[in-house]
Structures are given as C-alpha cells and as structure tokens.
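Participant: Sequence first, then the predicted structure, then my questions.
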Amino acid sequence: MLLRVFGYIWGSLLLTMLLFVGLVSGLDMSAPEGAMRRMDRELMQRDLVFLAQTDSVAAAQSHWQRVAAQHPDLAVRFLDACSGDTAEACIEVAFANNSNAAVDAVPFLLPLLVGAAVSALGAIALSQWLTRPLRTVSSALQQLSEGQLNTRIRDRLQTGTGEVARLAASFDHAAERLQELTESRQRLFHDVSHEIRSPLARLRAAVALLELRPERLPEMQQKMETDITRLDQLVDGILTLARFEAYQTEPEVEALDLADILEPILSDATFEGEQRGIHVAYDGPDSLPMNGHAEMLHRAFENVVRNALAYSPDHGTIAVCCRATERSLVVEVRDSGPGVAEGELSSLFQPFVRGANATAGQGMGLGLAIAATAVSFHGGRIEALNASPTGLVIRVTLPASG
Ligand SMILES: Nc1ncnc2c1ncn2[C@@H]1O[C@H](COP(=O)(O)OP(=O)(O)OP(=O)(O)O)[C@@H](O)[C@H]1O
Ligand SMILES: [Mg+2]
C-alpha cells in the first residue's frame, strides 16, 4: 500500500512536471506576431510623417513607394491637401486587406493555466480515490456509533488484497464481534429478567394468598422455599458468570495441578452417586500440571460432573478420562444418560439454554455457560458430543503448562 501510494504521488508529480516542461518548451518566447506588426505600422507612420515634415510630402510618398514591397501588409494613404505641417493628420498607415490585427490575442499565460487546471483535476480525482477507504471507514464508524451494528465494509471497499482489504476484514470482524456481544448481552438481560420474574410472581401470589388464608401456610411454605432457593441459585449463577466474564480482562493464573482440582469433585460425585448405584470411574495420570485459575476450573468441572450425575440413570456409569499431551490436557466426562438432541449440542453452552430433556423446574441453564466461560478464559475449548450407544460426552481441552 505504502509503495502504491508513493508510486501514485511520485507519478503525478512527474507527470505535472512533464506537462509544464512540454508547455513551456512548446511556447513561442518571441514577441507575438500581432505586436510586431503593430510596431512595424507605428514605425512606418513615424518615418513618413518625419520625412513629410523635414523634407516634403512628395519625399515621403517616394520613400513609401520604395519600401512598399517590403511591407506587404501595410497600406499608406496620403490625404488630399497634405503638407508638412499637417502631415501627422493626413498620412494614414493601416493594415492592408483588413489583415487581422487581433491574432495576438492569445494570452501568454493561457497554456500554463490550462496545464494547471488539468493537473488540478487530476489531483482532485487522485485524492478522492486515495482517501475513499478512509471516508468509507469513517462513515461506517459513524453508523456503528449510531447503533447500526450490522454495518460491514468489505463489499464497499472492493479491493482484492493488501492493507485496505485487511483493514476492511478487521473492521468487519470487530463489528461482527460487537454485534454478537451486544446481542448476547440483550439476550442475557431478557433471560435474566424472565427467569427472575417467574419465582417472584409465584412468591407474590403466595403472599397474597396467605394474607387471605393464613391457615394454608404449612402447605405453601415448601413451595415458597423452593422458589427462594431457585432465586438464590439464579443470582449466584448470574454473579458467577458475570465475575468469570470480567476475569477475561484481568487474568490471574497460577501453576496448579488439574488432578488436584478433579479429585474432590469426583469423590463428591462418587459419594452422591452411591445412593443411586452410579459408578464414577477415573482414568488418567496422577498429575496434570497447567497454569490456570483454580476457582474457575473447579466450577467448570463441577458443573459438568453434576450434569453427568443428574442425567445418568440409576446404576449408570460416569467415566472421566484424562489425556496429557505435550501441548494440551484433554478431559472427557462421559455418562450413560439419554444424551442431547443433535441440533441442541452447539447451543448448550449459551446462558439459560436447557435441552428438551431437562427436567422442568430444575436447573437454570447456567452451568455449562459458566464452564464455557471458564474454559475460554484459559484459552481452551469445550464441546459436547453424543456418545454411542447412549450418553453425553463433554470434552474439555486446555493448554498444558510449558
Ligand atoms: N450430561 C448431560 N446429559 C444430557 N443432557 C445434558 C447433560 N448436561 C447438560 N445437558 C443439557 O444441557 C442443558 C444445559 O446444561 P446446564 O448445565 O448449562 O444447565 P442446567 O443443568 O439445566 O442448569 P444449571 O444452571 O443448574 O446447571 C441442560 O438443561 C440439559 O438439557
Ligand atoms: Mg447444569
């Protein structure tokens, strides 16, 4: 780009220089023809008047006859009763045959003015062309600031490669991210208010009912406690998600062992699963060193394992399998539950998304969103796959230390 702009500017300067050199060399620098002819006529008039005054009109006439051949474009008229005293008034020197005395009317500066005008037009066109990408970006930024987040400029800057194409691609990428973030924020606000509204409305109805029928308190108490617990979990989930998202800009990582984080989660799951005959199996190395944020990793794997427990049938199996490669740690949590409909797999990590298999009234759809935020903070990847013949696999890939 720099080279191209340099080429255009240098080329236009050279062209302007050449244009001026051409015009100047093409110019006739001698006195204009018309001026010479007027001077010739003046001199002839003076000569003849001088001769008539100092000698005689006849001498002036015979002088004109001698030199007339050398001045074909002049015509001399001696008026009647011409004498030496009135010579000035009665000798008329004119251009012969009405020859055009105005041919010298071409102004001396005209070619230069034409050259300057042509190069100015060229400069305007060139500057318009060179500043077009900047004007496009500026107007697109204006549109973005006015809230038109679907503004894109790749098609408007139809350049193949180079800096301008890269600028357009970066702008579009930034606008796309901004649009995604804004839309997900709006969705989140909508979902949060929707989720909070239902238990609050139930609590308000219960209070109104109890005012009228206080004797129903024992019956309502259980329902009210369920709603309060749900609200409590909801607020905790939202705050955790917001806190983890805020961490994205303030990384605080330490050297830790992922196996130490998984161990208490799995032993809790083993304990909880025992009551339903669920077997929790771990297969992997004793040590999984990495750099990370212990609380985030704990919440991420706790949510995944809790889901596996929740969706496993009685006497099912939860297999946690870890692999460490030179660059990454891969943890897979597989259960023997029903899995998830294929079309829902990719959206499970969005806040407040619950699958069609989710038990009504249980869970808020925040667990996997929290896990995904925590994993993305570590520069890792989380994915959901349906296992064969049944069950769900959540695969988390994290960068290994060193
Ligand atoms: N192991 C699993 N087997 C089947 N479906 C699952 C499994 N894990 C998650 N899901 C599906 O993914 C959805 C989202 O899970 P997520 O953990 O985000 O929310 P939740 O468990 O419903 O609520 P909570 O916020 O309490 O965790 C669940 O509602 C469920 O439909
Ligand atoms: Mg969950």
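Facilitator: Sure thing, it's come through. Ligands and ions are numbered 1, 2, ... in the order given.
Participant: What residue in the stretch 251-400 of the chain comes nearest to ligand 2?
Facilitator: The nearest approach of the stretch 251-400 of the chain to ligand 2 comes at G367, 2.7 Å away (C-beta to the ion). (C-beta placed from N, C-alpha, C; glycine too.)
Participant: what's the spacing between the spatially closest residue to that residue that is not a sequence neighbour and S347?
Facilitator: Using C-beta to C-beta, 6 or more residues apart in numbering and skipping the chain neighbours, the partner closest in space to G367 is N303 (3.6 Å). Applying C-beta to C-beta, to the nearest Å, one obtains 16 Å for the distance of N303 from S347.
Participant: neighbour-wise, which of these two wins?
Facilitator: N303 (22 against 13; other C-beta atoms under 10 Å).
Participant: From F171, how far out is the residue of the stretch 1-150 of the chain found nearest ligand 2?
Facilitator: Nearest residue of the stretch 1-150 of the chain to ligand 2 (C-beta to the ion) works out as L149 at 31.2 Å. Using C-beta to C-beta, L149 is found at 12 Å from F171.
Participant: could you pull out the strands for the stretch 201-350 of the chain?
Facilitator: 254-257, 279-283, 289-292, 317-324, 328-334 (DSSP state E, counting those that start in this stretch).
Participant: List of residues touching stretch 158-169?
Facilitator: 1, 4, 133, 137, 153-154, 156-157 (C-beta atoms under 8 Å, 6 or more residues apart in numbering).
Participant: what packs against the helix or strand hosting G11?
Facilitator: With secondary structure defined by DSSP states H and E, G11 is part of helix 2-26. Contact partners of helix 2-26 among helices and strands, from 3 or more C-beta pairs under 8 Å, 6 or more residues apart in numbering; DSSP states H and E: helix 110-145.
Participant: Tell me what angle the lowest-mean-pLDDT helix or strand in the chain forms with helix 110-145.
Facilitator: One helix or strand of the chain scores below all others by mean pLDDT, DSSP states H and E: helix 2-26, with a mean of 76. In terms of direction (axes from the mean of the first three to the mean of the last three C-alpha atoms, to 10 degrees), helix 2-26 departs from helix 110-145 by 160 degrees.
Participant: what ranges of the stretch 151-300 of the chain fall below the confidence cut-off?
Facilitator: Regions of the stretch 151-300 of the chain meeting the criterion pLDDT under 70 cover residues 159-161, 248-251.
Participant: Having no further points to raise, I will conclude here.
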